[in-house]
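Engineer: Can you look at this prediction? I've put the sequence above it.
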Amino acid sequence: MTDREARHAELAQQYLPAEVLERFRDRAGVCDRENRFFDEDLDELKALGYLTLFVPASHGGPGLSLHEVSRLQQRLASAAPATALAINMHLMCTGVVKAMNDRGDDSLNWVFDEVMAGEIFAFGISEPSNDWVLQGSNTVAEPTADGGYLLTGVKIFTSLSPVWTRLIVHGLVAGSQAPAATGATSGTPAPDSDTADQAGGELVYGFIARNAPGITVSEQWDVLGMRASQSRATILDRVPMRPEHVSRRIPAGKHPDLLTFAITSNFQLLIASVYAGVAARALELGAAGLHKRKSAKSGTAFAEVPEARVRLADAHLDYLGVPAMLDAYTRDFDDLVDHGAGWPLRLVGARIKASDAARRAAETALMCTGGSGFDNSHELSRLYRDATAGLFHPPSADAARPMYAAALLDD
């Protein structure tokens, strides 16, 4: 075992020991059936210090790297995908602050202190019909005399909705020229598009507190998969963003900024980590299913039937490239490697490949397990539904293809 692998094993034992993962796995099915939040998982993760993973030692935390957190998130997702997906949003916020700090910008380091004090951060960027995502907003940000803003709009897929206390949001400054809505795509950070028209106006990024006036959290959440994440909509009605919590004022449209780069990087790679964990667990269950089932024709376990072996082998091949991509890209990110315009290709590619691998692995595992896996009480039934959530994280493969083509074909 290499020193790096020994370090990962040590962190796994410290933050996600096997007995904890088994409790999470047992509860995942219950939370899914009851469509409720993972309160017990959250309590255990807090006690283990999991919410402080990115906080540097200078602020009282362990200061883990994105590479190390990615590995832990893959492990967590193998037991409780919805828990991992929702916790991602807190970790993404703290990962953004760490990434900025590592690159010489300490303007958001106050977030570390709030995390150590028990605050839970979440992500409030996604909006209905806003496929500009980070480059534009349908939320109106009205300037106030003290340098803050009043925000009015709707943020969707706000994971951790029952418990978050701080929400990172953005809005278009009132009086700016808003970009035209171009579809009904919802989600979170997408890469820059060389073919998109420029959004107009000025965007403000910052944080709002849960106890601020004007915040309403929707009660509607009855979805296909990732149910325990409770990613409900958040409605903002002139919600104050205090001046000390204003993080950035940047032009709307394609204007590179360290904050949006850090958001996109952490989002894409940590989301990919969740689906990598789902794929790994599905393959494990698929193999177990083949060993368990007996073929009446051959008189042997289905694990010896060539067609079944080929099917599982193909899904395994699809999966193996995903953790390799995550290891390479997270290490490059931690090492401040400058891939320039190549970063979006890597970030989005890892996330798309991971979500594709999760769906392929879950479907293959269902076929390997047979009819028992079709029962709602079976773990694979839930994993299959959870894997479908990967279809809705932006950008979709269709939206991303022009970026990959342009990288090779355009001057």
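Structural biologist: All right, it came through fine. Owing to the predicted nature of the structure, the values given are computational and were not obtained by experimental measurement.
Engineer: From now on I want contacts and neighbour counts done on CA atoms only, so please keep to that.
Structural biologist: Will do.
Engineer: what about residue 408, how many neighbours?
Structural biologist: When neighbours are counted by other C-alpha atoms under 10 Å, residue 408 registers 8.
Engineer: Can you name the helix or strand that it falls in?
Structural biologist: helix 397-409 (DSSP states H and E).
Engineer: Please, where are all the helices along this protein?
Structural biologist: Ranges of helices in the chain, per DSSP state H, are 3-15, 18-34, 39-47, 66-77, 81-102, 110-116, 258-292, 306-334, 342-369, 379-388, 397-409.
Engineer: Give me the contacts around stretch 380-397.
Structural biologist: Judged by C-alpha atoms under 8 Å, 6 or more residues apart in numbering, the contacts made with stretch 380-397 from elsewhere in the structure are 29, 32, 81-82, 186-191, 224-226, 275, 278, 282, 285, 348, 352, 355-356, 358-359, 362-363, 365-366, 373-376.
Engineer: and this structure, what are its domains?
Structural biologist: The record's domain parsing of the chain by automatic domain parsing lists 3-116, 121-251, 258-409.
Engineer: Find the residue at the geometric middle of the chain.
Structural biologist: Most central in the chain under C-alpha atoms, centre = their mean is residue 271, positioned 3.3 Å from the mean C-alpha point.
Engineer: The nearest residue to it once chain neighbours are set aside: how many residues sit nearby?
Structural biologist: If you skip the residues right next to it in sequence, residue 271 has residue 351 as its closest partner in space, 6.5 Å away by C-alpha to C-alpha, 6 or more residues apart in numbering. Around residue 351 sit 29 other residues, with neighbours defined as other C-alpha under 10 Å.
Engineer: Could I get the contacting residues of residue 351?
Structural biologist: Residue 351 neighbours (C-alpha under 8 Å, 6+ apart): 268, 269, 271, 272, 273.
Engineer: now do residue 234
Structural biologist: For residue 234, the contacting residues are 124, 154, 155, 156, 158, 161, 215, 216, 217, 218, by C-alpha under 8 Å, 6+ apart.
Engineer: how about the helix or strand bottoming out on mean pLDDT in the chain: buried residues?
Structural biologist: The weakest-scoring helix or strand in the chain, judged by mean pLDDT, DSSP states H and E, is helix 397-409 (a mean of 91). Buried residues in helix 397-409, defined by neighbour count with 16 or more other C-alpha atoms under 10 Å: 400, 403.
Engineer: Figure out how far it is from the centre of its chain.
Structural biologist: Taking C-alpha atoms, centre = their mean, to the nearest Å, one finds the center of helix 397-409 at 22 Å from the center of the full chain.
Engineer: Surely residue 122 is in contact with residue 169?
Structural biologist: No: look at residue 122 against residue 169 with C-alpha atoms under 8 Å: they stay out of range, at 9.2 Å.
Engineer: Neighbour count: these two, which is higher?
Structural biologist: With other C-alpha under 10 Å as the criterion, residue 122 and residue 169 differ in neighbour count, and residue 122 comes out ahead with 27 against 22.
Engineer: measure that one to residue 334 for me?
Structural biologist: Counting by C-alpha to C-alpha, to the nearest Å, the gap from residue 122 to residue 334 is 22 Å.
Engineer: how far does stretch 334-343 stretch from start to finish?
Structural biologist: Comparing the first residue of stretch 334-343 with its last one, the separation is 13 Å (C-alpha to C-alpha).
Engineer: should've said stretch 248-266
Structural biologist: Using C-alpha to C-alpha, one end of stretch 248-266 lies 18 Å from the other.
Engineer: same check, this time on stretch 37-52
Structural biologist: 20 Å.
Engineer: Let me see the contact set for residue 140.
Structural biologist: With contacts defined as C-alpha under 8 Å, 6+ apart, the neighbours of residue 140 are 150, 151, 152, 153, 171, 172, 173, 174.
Engineer: show me the contacts for the second one.
Structural biologist: With contacts defined as C-alpha under 8 Å, 6+ apart, residue 151 is in contact with 139, 140, 141, 142, 171, 236, 237, 238, 239, 240, 241.
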